[in-house]
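Novice: Need coordinates for the below:
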Amino acid sequence: MFDNLQDKMDRVFKTLRGEASLNEWHIDNALKEIRVALLEADVHFKVVKDFTNRVREKAVGQEVLTAFSPAQQVTKIVRDELQTLLGGNEVGLALIGGPAVVMMVGLQGSGKTTTSGKLALHLKTRGRRPLLVPCDVYRPAAIDQLRIVANNVKVPFYELGELRDPLQIAKNAVQEARTLLYDTVILDTAGRLHIDEELMQELDAIKRETRPSEILFVADAMTGQDAVKSAKEFDDKLAVTGIVLTKLDGDARGGAALSIKGVVNRPIKLVGVGEKYQDLDVFHPDRMAQRILGMGDVLSLIEKVETEIDKKEAARLAERVAKDKFTLEDLRSQLQQVKKMGPMSQIVKMLPGANKINDEDIDETAIVKMEAILNSMTKKEREFPQLINGSRKKRIAKGSGTSVQQINQLLKQYLQMKKMMKTFSKGFGARRFGKMMKGLPPEFLQ
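Specialist: Numbering: from 1, shown residues only. Next up, the predicted model:
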């Protein structure tokens with residue numbers, strides 16, 4: 001979402017890198033470019049004005065104007081102010097009560113129902129026992145949609161029976177949660193194509209009856225400033241406690257994410273970063289600010305690895321590596337683990353300097369090709385690669401839709417990896433990992 005803004009910010013700082021010291025002329029020119037970049041990213045004009053004023057005030061007020069390079073000085077100030085603009089610090093969910101009630105509100109089409117399911121899975125993986133409750137009795141198939149979502153994420157679903165009164169549904173669901181010892185109730189409330197008094201009265205009645213500890217406004221980040229405007233109106237009526245931004249992985253300009261905290265003065269608590277149910281992340285303003293400036297988000301990458309990679313499988317691999325028993329079967333298993341982490345383009349974007357890498361330079365099919373080759377081998381061939389002779393290579397190439405040359409490249413790389421992995425038994429180092437990646441066959445990486 002922030003690719004264009006990243007490119008423009010990078011150009012701003014690049015013009016400062018050749019300067020020996022920082023003065024007001026440098027600051028004014030940099031701020032002019034930053035102002036244009038933010039406005040083109042669809043950031044609210046008042047937010048842009050306040051942001052650039054704060055950056056200028058801090059930059060001009062620096063006591064050590066010549067102590068650092070202009071690029072370093074301005075980058076630090078802009079990063080700090082971007083973090084403030086995005087909310088300052090992470091604000092977690094306040095799940096208070098027995099059970100804690102979470103109201104999901106927003107306009108129709110913003111992704112409330114899917115996000116409710118994502119939130120349920122998010123809480124379930126953290127040890128809570130959520131109950132999904134359908135309070136949207138107006139939109140056709142809304143109840144069935146939430147039931148399907150609940151089934152997919154394997155979370156309990158509150159069955160309405162013949163009941164069609166949203167207020168009574170919410171009240172009964174909270175009582176059932178108490179009885180069955182569910183600690184969180186997620187209310188998927190109704191939305192409209194636009195805000196109207198009838199909708200707000202219904203939501204306010206549910207709020208007064210269930211006393212939710214969280215009222216989360218679900219905003220579609222692709223709608224830009226319309227999402228910010230809607231969030232403000234919902235907050236005026238309901239006093240929302242936080243924002244959930246969906247479709248943050250889209251190709252919109254990102255203005256909603258950068259404007260919503262400044263306009264609504266409510267924290268962004270969660271963000272949807274993909275279509276899968278597990279693609280809901282806690283929002284970290286500091287990490288997002290670093291990503292916008294091309295500094296990467298290594299902490300989120302580490303968390304993603306810890307969440308997606310099977311710990312037992314990792315321990316098994318470490319043991320086999322230590323005993324020099326790493327086989328093609330192990331390589332196949334590791335490729336399957338990597339695939340769980342999502343598209344390679346998303347993973348690469350978390351690395352420092354990744355804004356200089358174009359999506360077209362990342363071959364998303366590389367792992368698929370490697371896996372196809374390994375799947376076309378017999379289990380015995382994967383365990384004992386020395387069995388793979390010329391005729392077997394032809395068979396494997398035909399079965400995987402690749403060439404004998406690619407088979408040879410994979411086998412050569414496997415032997416290099418096996419040799420390197422002896423030195424990895426004490427932990428993976430960034431330098432060593434980089435060397436390993438450089439050694440991958442060009443045909444797979446291009």
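Novice: can you count the residues close to the spatially closest residue to residue 285 that is not a sequence neighbour?
Specialist: Nearest residue to residue 285 in three dimensions, chain neighbours excluded: residue 86, at 3.7 Å (CB to CB, 6 or more residues apart in numbering). From N, CA and C alone the C-beta is placed, and that goes for glycine too. Neighbours of residue 86 under the rule other CB atoms under 10 Å: 23.
Novice: can you check residue 54 too?
Specialist: So residue 54, with other CB under 10 Å, has 15 neighbours.
Novice: Please apply the same query to residue 319.
Specialist: Residues within reach of residue 319, counting by other CB under 10 Å, total 11.
Novice: how close does it get to residue 122?
Specialist: 32 Å (CB to CB, to the nearest Å).
Novice: Also residue 406?
Specialist: Taking CB to CB, one finds residue 406 at 40 Å from residue 122.
Novice: ok, which stretches of the stretch 151-300 of the chain are helices?
Specialist: 166-180, 197-210, 225-238, 255-264, 285-292, 298-308 (DSSP state H, counting those that start in this stretch).
Novice: which one of these lies closest to residue 128?
Specialist: helix 166-180 (11.6 Å; CB to CB).
Novice: taking the mean pLDDT, what do you get for stretch 160-168?
Specialist: Mean pLDDT, stretch 160-168: 90.
Novice: Just the buried residues of the strand or helix carrying residue 47, please?
Specialist: Using DSSP states H and E, residue 47 sits in helix 45-60. For helix 45-60, a neighbour-count test (16 or more other CB atoms under 10 Å) marks 47-48, 51-52, 55-56, 58-59 as buried.
Novice: Buried residues of the next helix or strand after that helix, list them for me.
Specialist: Beyond helix 45-60 on the C-terminal side, the first helix or strand identified by DSSP H and E is helix 70-85. Neighbour counts over helix 70-85 (16+ other CB under 10 Å) mark 70-71, 73-75, 77-85 as buried.
Novice: returning to that earlier point: off-centre distance for the helix holding residue 47?
Specialist: 28 Å (CA atoms, centre = their mean, to the nearest Å).
Novice: and the angle from that helix to helix 70-85?
Specialist: When axes from the mean of the first three to the mean of the last three CA atoms, to 10 degrees is applied, the directions of helix 45-60 and helix 70-85 differ by 140 degrees.
Novice: who touches helix 45-60?
Specialist: 22, 24, 27-28, 31, 34-35, 38-39, 43, 73-74, 77-78, 80-82, 84-85, 258-259, 262-263 (CB atoms under 8 Å, 6 or more residues apart in numbering).
Novice: Just the local confidence number for the residue lying farthest from the centre of the chain, please.
Specialist: In the chain, the residue that sits farthest from the middle, by CA atoms, centre = their mean, is residue 391; the gap is 45.2 Å. Per-residue pLDDT puts residue 391 at 92.
Novice: what's it sitting at in phi/psi?
Specialist: phi -70, psi -40 (degrees, to the nearest 10).
Novice: Contacts only, for it.
Specialist: With the criterion set at CB under 8 Å, 6+ apart, residue 391 makes contact with nothing.
Novice: repeat for residue 120
Specialist: Applying CB under 8 Å, 6+ apart, the residues contacting residue 120 are 130, 132, 150, 153, 155, 186.
Novice: Confirm the third one sits in a helix?
Specialist: Yes. Under DSSP: H, G, I helix; E, B strand; the rest coil, residue 150 sits within a helix.
Novice: What residues are bridge-paired with the residue nearest to it when sequence neighbours are not counted?
Specialist: Ranked by CB to CB, 6+ apart and with sequence neighbours excluded, the top spatial neighbour of residue 150 is residue 157, at 3.8 Å. On the basis of DSSP bridges, residue 157 is bridged to residue 132.
Novice: Neighbours of residue 157, how many?
Specialist: The burial count for residue 157: 19, using other CB under 10 Å.
Novice: returning to what we had before: measure the residue farthest from the centre of the chain to residue 328 for me?
Specialist: 18 Å.
Novice: how about the strands in this structure?
Specialist: 100-105, 130-134, 184-188, 214-220, 242-246, 268-272, 280-282 (DSSP state E).
Novice: could those strands be laid out in a markdown table, adding mean neighbour count, mean pLDDT and distance to residue 231?
Specialist: Compiled in a markdown table, these are given as follows (neighbours: other CB atoms under 10 Å; pLDDT from 0 to 100; distance: least, CB to CB, whole Å):
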| stretch | mean neighbour count | mean pLDDT | distance to residue 231 |
| --- | --- | --- | --- |
| strand 100-105 | 26 | 96 | 10 |
| strand 130-134 | 27 | 96 | 23 |
| strand 184-188 | 28 | 96 | 18 |
| strand 214-220 | 25 | 93 | 5 |
| strand 242-246 | 26 | 91 | 6 |
| strand 268-272 | 23 | 91 | 10 |
| strand 280-282 | 19 | 90 | 18 |
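Novice: which stretch among those comes nearest residue 235?
Specialist: strand 214-220 (7.1 Å).
Novice: of the buried residues of helix 70-85, closest to residue 143?
Specialist: residue 85 (38.9 Å).
Novice: Could you pull up the residues touching that closest one?
Specialist: Counted by CB under 8 Å, 6+ apart, residue 85 has contacts 47, 51, 258, 261-262.
Novice: would you list the residues you listed in TSV and tack on pLDDT and distance to residue 375?
Specialist: Below are these laid out as TSV (pLDDT from 0 to 100; distance: CB to CB, whole Å):
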residue	pLDDT	distance to residue 375
47	88	51
51	88	51
258	80	44
261	83	47
262	82	51
